[in-house]
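> dropping a prediction and its sequence here:
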Amino acid sequence: MTITEHTAVPAQRTANRPAVSGRERLVVVGNGMAGIRAVEEIFTRGGADLFEVTVFGDEPYGNYNRILLSNVLAGSDTEDEIFLNPLEWYTANDVRLRAGVRITGLDRYARVVLAEDGSATPYDKLIIATGSRSFIPPIKGLVGPDGALPAGVFAFRTIDDCRSMINFATATPGQRTAAVIGGGLLGLEAARGLQTYGLRVHIIDAAPTLMSQQLCAEAGEILRRGVEDLGITVHPGARTAQILLTEDEAGSPLGRAVGLEFADGTTVDVDMIVVAAGIRPNVDLGVRGGLTVERGIVTDDQLRSVDDPDIYVVGECAQHRGQVYGLVAPLWEQATVLAEHITGTNLDAAYHGSKTATKLKVAGMAVAAMGLKEPEHPDDEVVRFAEPGRGVYKNVIIRDGKLVGATLLGDTAKSASLIQAFDRGLPLPDERLELLFDIGLPAAAVGVAEMADDAQVCNCNGVSKGKIAACVRDGVKTVPGVMAATRAGKGCGSCKTLVKEIVEWAADGDLEEDPSANWYVPGVPLDKPTLLAEIRARGLRSVSAVFAELAPDGKEDAASKMALTSLLRIVWGSDFVDERDGRFINDRVHANIQKDGTFSVVPQIAGGVTSPAELRRIAEVAEKYDVPMVKITGGQRIDLLGVRKEDLPKVWADLDMPSGHAYGKSFRTVKTCVGKDFCRFGVGDSTALGIAIENRYKGLESPGKLKLAVNGCPRNCAEGLIKDVGVVGVDGGRWEIYIGGAGGAHVRKGDLLATVDSPQEVITLTGRFLQYYRENAKWLERTYTFVPRVGIEKIRAVVVDDAEGIAAELDARIQESIDAYRDPWLERDEPATAGQFRTSLPLVTLPQVPVR
Amino acid sequence: MSAGSTKARTIHSLGPLEAIPVGEARAYAVDGRQIAVFRLRGGALRALDAVCPHAGGPLADGQADDNVVICPLHAHVFDLATGVSTSGAEPIGCYPIRVADDGTIELTL
């Protein structure tokens, strides 16, 4: 391919003037990451058939990854390793590369670019991708009138800069000293790189704290300590008055740099100086071509100069909607839009700007930063955690419920989910702390990214991290979608948070928002408050009525029925219209289904206190029905396991005891310790109180199951501190009430709700809290999630202090539920439906477990 | 049943429709096989193998809507019209079933 030299082109726009080959001439000024990425994107859209491409580059090389120059300086990458497009790429793709030829002029009327060597190159389309140059601060002695730097002073922008620094640093023997001007990312990387050559390094930072572009002062200060621990001396807020020079350097009009003098007169002696004080867009070409230039060359949403539809601008030299980007991710997005538009593959392609987030290691410390570094408005919500001793700092800034900024220093385990929330404006957890930490998930002590691929995430269904990630890679882009496809989180559910994090990590920001996340049930697109309001307003008393009125197309949904049944019972009490198909099997037959299709039977033993007569009846029933296993439960009751469905009514009749409700999403048990009647330490009558609580609230349906305990003293023998509601007798006849504890798949110590003077107050506050939970918790949300989500202060205000004036209503509504209670085992005499207790496995001999 | 089956089909009477509550299912032993019959709220009947292929769960104890049943043991989901699982379990048999003129259930096996 030859180039037609420019001769007397008429000064007139000739649209789409064909080139010799029939293809348009595309000239790219700038052979860096932006320019070549744009060319590659154009080629993947058939651009090779549309354009003859000529690329001009200042530097006499192919395209390399400028970001990795720090690694070259530090010796962790070789020069060869950082090339993205070696010279062979240009040949192979028929791209004419004019490396080392600087473009100095643009004649838009003639449609040519003019090179330093006097040549003129015509174009039909022009891409300006001239990037940036190092900013040299106006310090006396730092730069000569011709722009040249003194000997021993280096900018840090190009591969040649990098080579010169390495040569200089390794040329002179002995202990030498370097100063890096600039405490930003590049300066820190330069400082760390220079240390590898044995230099003593000073960072001269005009800003008061390091990385002040990305980090707030507090984080910058923690970073400084980390940097100084590496043996680097930091001079924060240093104002350099002048560079000290000697004139003994032949060939350099300025001489050689030997030190810096600060504004306060103090000096530092150095052997070399690296300038890393920021970058400035190279906009000269735009200025000379008469294009609108502010900080960068101003573009429209198609990355075209606002003045000339045939000139595109991409990368660090482009200014789009007032923003100039210095990071690589926006550049990729710009290159894609540019390519779609210039090739005509998508003329509607538009760039809307980028939200920039960075995650990197600087001087050995992990840093992730996005958006605002500090709050800007009085109403901005800030959550901040600092642990300087360990070099950890975290903050998030929230505005109107959306993440608008975040900084993670030292521990970036949460960066993936934060970047996603920031980028997509996702709803945030009510407990903001979850943004900064993985709470209560042992497996997440290791960051998701660091987990091994074969690490088992869902211990119920045996799903590994790798399987979840593979599912996301196969195109499933919602958390429920991945859970449905892999069955991860579909067992006990305790790994759901971890599954969510892995999906977010694997999707790397490309996650689809899941609108159903806030619905109470999957089949009705309403959150709980709205659903409750609609149910009350429309008087919906049955599950089928809810579907008919509130579900899309009135379509019923099997997976929603159990939750709706529970909710309607809570709302309507005895006025609830019971449709038995709305119940889960356990609630249809009042027993817990086992793996072989038999059931477990747990009679009520309130407070764990039984009698010889009850024990005798239980023993006789166990023998009569060949019950395979008789088991003492964790809730201080007796479980008869392996009972055939058809035997259930007879078993209940022979037991002649009420249901213990060991099968539903409902109030289960109150565990008690011996209490003061017998225990020599007991200070409260725990058994009496436990029995009273259980008898009053037994069987009440709720969004999740409820397990309670009453301790007679702080020794906590009944484990009250890890119960949904735990009561602890303390000296002086007083009782502490803890809520939101857990000792199962999730372990959490309950929060102290109140300390009260009488058992009656315990019973009242317990009921009021239970009703508040029943009305406000999400389906299957246990109190250990609900309490921290709502906040113990809020719950205390409502339940104890009646701050919202609803205490009486809560008391009244739970009383209605109590009044509507009927022992479900009485259905033994009058079955609720035809064949209620008929076997569902008529040819299988049950139980399948032999009698022990 | 595949259309090309050479085995003769037999019609079995399973008794009155009222034996199955609306929206629920009951299991029947038919010709040495266990069949779960679902009486949908929309009025239709569906017949599937009664045992979940995943871990032997009794599908007649599952919760259903007009399209699917959810196994009560591990929540595997089966399409009532085809027997195909939408949750990754093996597919199960699905059989023609109707209400005869006399109000009894007729299953074709």
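Yep, that arrived.
> any low-confidence regions in the stretch 401-550 of chain A?
A:439-447 (pLDDT under 70).
> near chain B, which residues of it are found?
A:Asn461, A:Ala484, A:Ala485, A:Arg487, A:Lys490, A:Gly491, A:Ser544 (Cβ under 8 Å from any Cβ of the partner chain). No exception for glycine: its C-beta is placed from N, CA and C like everyone else's.
> hmm, try it at 7 Å
By the rule Cβ under 7 Å from any Cβ of the partner chain, the part of the stretch 401-550 of chain A lying against chain B is A:Ala484, A:Arg487, A:Lys490, A:Ser544.
> which pair in the residues you listed spans the largest distance?
A:Arg487 and A:Ser544 (29.2 Å; Cβ to Cβ).
> so for the two, which sits in the more crowded spot?
The residue with more neighbours, out of A:Arg487 and A:Ser544, is A:Arg487; 22 against 19, by other Cβ atoms under 10 Å in any protein chain shown.
> and the residue lying closest to that one once chain neighbours are set aside, how many neighbours does it have?
Leaving aside its chain neighbours, A:Arg487 sits nearest to A:Asn461 (4.3 Å; criterion: Cβ to Cβ, 6 or more residues apart in numbering or on different chains). The number of residues packed near A:Asn461 is 17, by other Cβ under 10 Å.
> residue contacts, A:Asn461?
A:Asn461 is in contact with A:Arg487, A:Ala488, A:Lys490, A:Gly491, counting by Cβ atoms under 7 Å, 6 or more residues apart in numbering or on different chains.
> can you list the buried residues in the helix or strand containing A:Gly105?
Using DSSP states H and E, A:Gly105 sits within strand A:103-107. Judged by neighbour count (16 or more other Cβ atoms under 10 Å in any protein chain shown), strand A:103-107 contains these buried residues: A:Ile103, A:Leu106, A:Asp107.
> which residues are contacting that strand?
A:Val29, A:Phe56, A:Val113, A:Leu114, A:Ala115, A:Glu116, A:Leu285, A:Arg288, A:Gly289.
> pull the distance from it to the chain's centre.
47 Å (Cα atoms, centre = their mean, to the nearest Å).
> go on, stretch A:491-509?
Worked out by Cα atoms, centre = their mean, stretch A:491-509 lies 10 Å from the chain centre.
> outside of that stretch, which residues touch it?
Taking Cβ under 7 Å, 6+ apart as the rule, stretch A:491-509 contacts A:416-417, A:419-420, A:423, A:441, A:443-444, A:448-449, A:457-461, A:465, A:468-469, A:472-473, A:477, A:479, A:482-483, A:488-489, A:511, A:745-746, A:780.
> buried ones among these?
Buried among these by 16+ other Cβ under 10 Å: A:416-417, A:419-420, A:423, A:443-444, A:448, A:457-458, A:460-461, A:465, A:468-469, A:472, A:477, A:479, A:482-483, A:488-489, A:511, A:746.
> sort out for me which of those are in helices.
Counting by DSSP state H, those place A:Ala416, A:Ser417, A:Ile419, A:Gln420, A:Asp423, A:Lys465, A:Ile468, A:Ala469, A:Val472, A:Val479, A:Val482, A:Met483 in helices.
> which among these gets closest to A:Gly141?
So of those, ranked by how close each gets to A:Gly141 (Cβ to Cβ), first place is A:Ile419, at 42.5 Å.
> relative to A:Ala507, how far out is the closest one?
Between A:Ile419 and A:Ala507 the distance is 11 Å, computed by Cβ to Cβ, to the nearest Å.
> do the same with A:Leu526
In terms of Cβ to Cβ, A:Leu526 sits 27 Å off from A:Ala507.
> need the contact list for the residue of chain B found nearest chain A.
Going by Cβ to the nearest Cβ, chain A is nearest to B:Gly23 of chain B, at 2.7 Å. Contacts for B:Gly23 (Cβ under 7 Å, 6+ apart) come out as A:Glu579, A:Asp581, B:Arg41, B:Ala64.
> the strand holding A:Gly105: what's the following helix or strand?
strand A:112-115.
> which outside residues touch stretch A:373-389?
Against stretch A:373-389 from outside (Cβ under 7 Å, 6+ apart): A:214-216, A:218, A:222, A:225, A:393-399, A:405, A:407, A:432-433, A:435-436.
> now the buried members of those residues.
A:214-216, A:218, A:222, A:393-399, A:405, A:407, A:435-436.
> out of these, flag the one nearest to chain B.
Looking across those and measuring by Cβ to the nearest Cβ, the closest to chain B is A:Leu435, at 30.6 Å.
> is the residue nearest to A:Leu372 when sequence neighbours are not counted in a bridge, and if so with what?
Distances taken as Cβ to Cβ, 6+ apart place A:Gly405 nearest to A:Leu372, at 3.0 Å, with adjacent residues excluded. Counting by DSSP bridges, A:Gly405 is bridged to A:Gly371, A:Ile397.
> for chain B, what lies in contact range of chain A?
B:18-19, B:21-24, B:26-29, B:34, B:41, B:50-51, B:55, B:58, B:60-61, B:63-66, B:68-70, B:72-73, B:75, B:87-88.
> mind listing the strands the strand or helix carrying A:Leu84 pairs with, and their directions?
Using DSSP H and E, A:Leu84 sits within strand A:83-85. Strands that pair with strand A:83-85, judged by DSSP bridges, come out as strand A:63-64 (antiparallel).
> mind listing the strands for the stretch 651-800 of chain A?
For the stretch 651-800 of chain A, the strands defined by DSSP state E, counting those that start in this stretch cover A:667-672, A:706-711, A:725-730, A:734-739, A:742-743, A:747-748, A:751-756.
> mean neighbour count for the ones you listed - can I get that in a markdown table?
A markdown table is the format used below for those (neighbours: other Cβ atoms under 10 Å in any protein chain shown):
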| stretch | mean neighbour count |
| --- | --- |
| strand A:667-672 | 28 |
| strand A:706-711 | 29 |
| strand A:725-730 | 26 |
| strand A:734-739 | 23 |
| strand A:742-743 | 20 |
| strand A:747-748 | 16 |
| strand A:751-756 | 18 |
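> any chance of JSON lines for those, columns distance to chain B?
Below are these laid out as JSON lines (distance: least, Cβ to the nearest Cβ, whole Å):
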{"stretch": "strand A:667-672", "distance to chain B": "19"}
{"stretch": "strand A:706-711", "distance to chain B": "22"}
{"stretch": "strand A:725-730", "distance to chain B": "29"}
{"stretch": "strand A:734-739", "distance to chain B": "30"}
{"stretch": "strand A:742-743", "distance to chain B": "23"}
{"stretch": "strand A:747-748", "distance to chain B": "25"}
{"stretch": "strand A:751-756", "distance to chain B": "32"}
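> closest one to A:Asp300 among the ones you listed?
Using Cβ to Cβ, the strands of the stretch 651-800 of chain A put strand A:747-748 closest to A:Asp300, at 54.1 Å.
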